[in-house]
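Colleague: no letters, just coordinates:
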């Protein structure tokens, strides 16, 4: 884990109602009541087929360092909270159990991706940070994965720090983008903290500062002969930029026995410019010189650019990635699902006229089914915590909304998605580097069928309920309707 996460005490980064409810639970004798909460989302950004789970490492760091400082206690005293409650906070020790889907896993609407069980005061209190950490990084990792898939094997670099929404948006957004598949990032501190390779060359100001474009190019090539990528669109990309880049390669790099690492376009009709530049570079003896494109790109523009025959080898994607500007919110929610009474989990449900907002009750687990021969994911199943799946026996999956739609699966393997992160307050999370999470993410996305990966009208991946859970949910709906 990065030391970056330990420089701030974020205990008080919570909605104020978490504190008012905690005080109320304490005053009404619920301090030791055990409750279970689920974090899940209801829809995929950009109408896509799935979301990439990310942000767990930052949530773990937060939970490991929950501590109310004397300044926090004094602030809360000034807000009128009871002294007995403040004494409880002074001696606060996180005691919940937490399960979560590993970072880099494709996840789908309605299924728990974080589950928390423990004293209700604590489990309720951490809601804000659970949502903040997971919503943000999952959103950016998902957008990055879309952009990377649109590039069809060409490298994508995250270039969005200066347009990110605050410092954390830049730093953790860069981490999430790397997990989602980006080759690296312009964000230096993210590289220092997480090992997400920092990449970058020059800005237009470098070229403008020198007396001529050629002088600027030559100075850069002399300074960085092993990593020379030149920005060619400061003045006139095809009339001066590319010709001056070629001249620099001839006069500076070639005598040193070096090859250029690329040229970059940051404006104009890049599909057209890249085709022309490719021809000029090839004719000059630099068929191995890559062409890089940037300039407010996203997956749609990249896809269209490549369809138009653009000769681009890699992309720098900034503001539209780091802010997920086309769909800037992952609407994850955190809902009570059960309360433990005399050692038994009693299911709780929220009912709404908006059927999408009816929650799935109970202490749950999530299974993913895979075809044994292809390794492709078939469906996910939400079951109660005491249910297990026997892969040696056929299993009937059914659509929880259209129950007549059934599928009997055979010759399958399955895995539980929710893994233990804390057990009664003790952290059991196993650190993974960002590079390891990225490779895991790539492998997991490859288990999805192409139909689920489509940008336009992707196939709906099924998240089903076990029969036992479905029955419980509908019994509670009927019970509470009156």
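Modeller: It's in. Everything numeric in this text was worked out from a predicted model, so none of it was measured.

Colleague: does the residue nearest to residue 238 when sequence neighbours are not counted count as helix, strand or coil?
Modeller: Distances taken as CB to CB, 6 or more residues apart in numbering place residue 276 nearest to residue 238, at 5.5 Å, with adjacent residues excluded. Bear in mind the C-beta positions are built from the backbone N, C-alpha and C, glycine included. Recorded secondary structure, residue 276: helix (DSSP: H, G, I helix; E, B strand; the rest coil).

Colleague: burial of residue 77, as a residue count?
Modeller: 12 (other CB atoms under 10 Å).

Colleague: what helix or strand is the spatially most central residue of the chain located in?
Modeller: Central residue check for the chain by CA atoms, centre = their mean: the C-alpha nearest the mean position is that of residue 138, 2.4 Å away. In the assignment (DSSP states H and E), residue 138 maps to helix 127-150.

Colleague: which parts of the helix or strand just after that helix are buried?
Modeller: For helix 127-150, the following helix or strand on the C-terminal side (DSSP H and E) is strand 155-158. By neighbour count on 16 or more other CB atoms under 10 Å, the buried set for strand 155-158 is 155, 156, 157, 158.

Colleague: so which elements touch strand 155-158?
Modeller: When contacts are defined as 3 or more CB pairs under 8 Å, 6 or more residues apart in numbering; DSSP states H and E, strand 155-158 sits against helix 127-150, helix 167-180, strand 184-185, strand 314-317.

Colleague: what sits up against that strand?
Modeller: By CB atoms under 8 Å, 6 or more residues apart in numbering, the surrounding residues in contact with strand 155-158 are 144, 147-148, 173-174, 177-178, 181-187, 199, 313-318, 321-322.

Colleague: each with direction, which strands does it pair with?
Modeller: With DSSP bridges as the test, strand 155-158 is paired with strand 184-185 (parallel), strand 314-317 (parallel).

Colleague: following the last one in sequence, what is the next regular element?
Modeller: Translated: strand 314-317. With elements assigned by DSSP H and E, the helix or strand that comes after strand 314-317 is helix 319-322.

Colleague: could you dump the helices and strands packed on strand 155-158 to TSV with mean pLDDT and distance to residue 40?
Modeller: Shown next, in TSV, are the helices and strands packed on strand 155-158 (pLDDT from 0 to 100; distance: least, CB to CB, whole Å):
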stretch	mean pLDDT	distance to residue 40
helix 127-150	98	10
helix 167-180	97	19
strand 184-185	97	29
strand 314-317	98	28
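
Colleague: quick one: the ones you listed as TSV, columns for distance to residue 42 too.
Modeller: Formatted as TSV, the helices and strands packed on strand 155-158 follow (distance: least, CB to CB, whole Å):
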stretch	distance to residue 42
helix 127-150	12
helix 167-180	20
strand 184-185	30
strand 314-317	27
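
Colleague: indicate which one of these is closest to residue 447.
Modeller: Ranking the helices and strands packed on strand 155-158 by proximity to residue 447 (CB to CB) places helix 127-150 first, at 13.6 Å.

Colleague: taking helix 167-180 as reference, get the angle to the closest one.
Modeller: Interaxial angle, helix 127-150 versus helix 167-180 (axes from the mean of the first three to the mean of the last three CA atoms, to 10 degrees): 50 degrees.

Colleague: show me what counts as buried in helix 127-150.
Modeller: For helix 127-150, burial by neighbour count (16+ other CB under 10 Å) applies to 127-150.

Colleague: from residue 251, how far off is residue 214?
Modeller: Note on residue 214: its distance to residue 251, by CB to CB, to the nearest Å, is 9 Å.

Colleague: before we move on, back to that, which of the buried residues of strand 155-158 sits closest to residue 25?
Modeller: Of all these, residue 158 has the smallest distance to residue 25: 41.8 Å, by CB to CB.

Colleague: please name the bridge partners of the closest one.
Modeller: Bridge pairing for residue 158 - DSSP bridges - gives residue 185, residue 317.

Colleague: low-confidence stretches in this protein?
Modeller: Within the chain, the segments meeting pLDDT under 70 span 1-7, 482.

Colleague: domain ranges for it?
Modeller: According to automatic domain parsing, the chain comprises the domains 3-140+328-481, 147-322.

Colleague: most tightly packed of the ones you listed?
Modeller: Ranked by mean neighbour count under mean count of other CB atoms under 10 Å, those are led by domain 147-322, which reaches a mean of 20.

Colleague: make a markdown table from the buried residues of strand 155-158 and add distance to residue 219 to it.
Modeller: Shown next, in a markdown table, are the buried residues of strand 155-158 (distance: CB to CB, whole Å):
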| residue | distance to residue 219 |
| --- | --- |
| 155 | 26 |
| 156 | 29 |
| 157 | 23 |
| 158 | 27 |
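
Colleague: and these, which is closest to residue 122?
Modeller: residue 158 (35.1 Å).

Colleague: now the residue located most distally from the centre of the chain: how far from residue 221?
Modeller: Within the chain, residue 255 marks the point farthest from the mean C-alpha position, 45.3 Å out by CA atoms, centre = their mean. Distance, residue 255 to residue 221, using CB to CB: 11 Å.

Colleague: picking that back up, and the helix holding residue 138, how far out from the chain middle?
Modeller: Put simply, helix 127-150 sits 3 Å off its chain's centre (CA atoms, centre = their mean, to the nearest Å).

Colleague: what sits closest to residue 368 if chain neighbours are left out?
Modeller: Leaving aside its chain neighbours, residue 368 sits nearest to residue 380 (5.2 Å; criterion: CB to CB, 6+ apart).

Colleague: does the one you found count as helix, strand or coil?
Modeller: Quick answer, by three-state DSSP: residue 380 is strand.

Colleague: that one touches residue 367, doesn't it?
Modeller: Yes. Between residue 380 and residue 367 there is a contact at 6.7 Å, judged by CB atoms under 8 Å.

Colleague: mutual contacts of those two, please.
Modeller: Contacts common to residue 380 and residue 367, judged by CB under 8 Å, 6+ apart, are residue 417.

Colleague: what does stretch 61-80 contact?
Modeller: 1, 5-6, 9-12, 19, 83, 86, 89-90, 92, 94, 96, 98, 126, 129, 133, 422, 427.

Colleague: same thing with stretch 234-246?
Modeller: Taking CB under 8 Å, 6+ apart as the rule, stretch 234-246 contacts 204, 207-208, 213-214, 217, 230-233, 260, 263, 265, 267-268, 273, 276-277, 280-281, 284, 286.

Colleague: and what of stretch 427-440?
Modeller: The contact list for stretch 427-440 (CB under 8 Å, 6+ apart) reads 1, 54, 56-57, 60, 63-64, 102-105, 175, 178-181, 194-196, 420-422.

Colleague: among the residues you listed, name the ones in strands.
Modeller: Mapping the contacts of stretch 427-440 onto strands (DSSP state E) picks out 420, 421, 422.

Colleague: ok, of those, which one's closest to residue 397?
Modeller: Taking these together and measuring to residue 397 by CB to CB, the closest member is residue 420, at 25.8 Å.

Colleague: so the closest one touches residue 101, yeah?
Modeller: No. Counting by CB under 8 Å, residue 420 stays clear of residue 101, with 11.8 Å between them.
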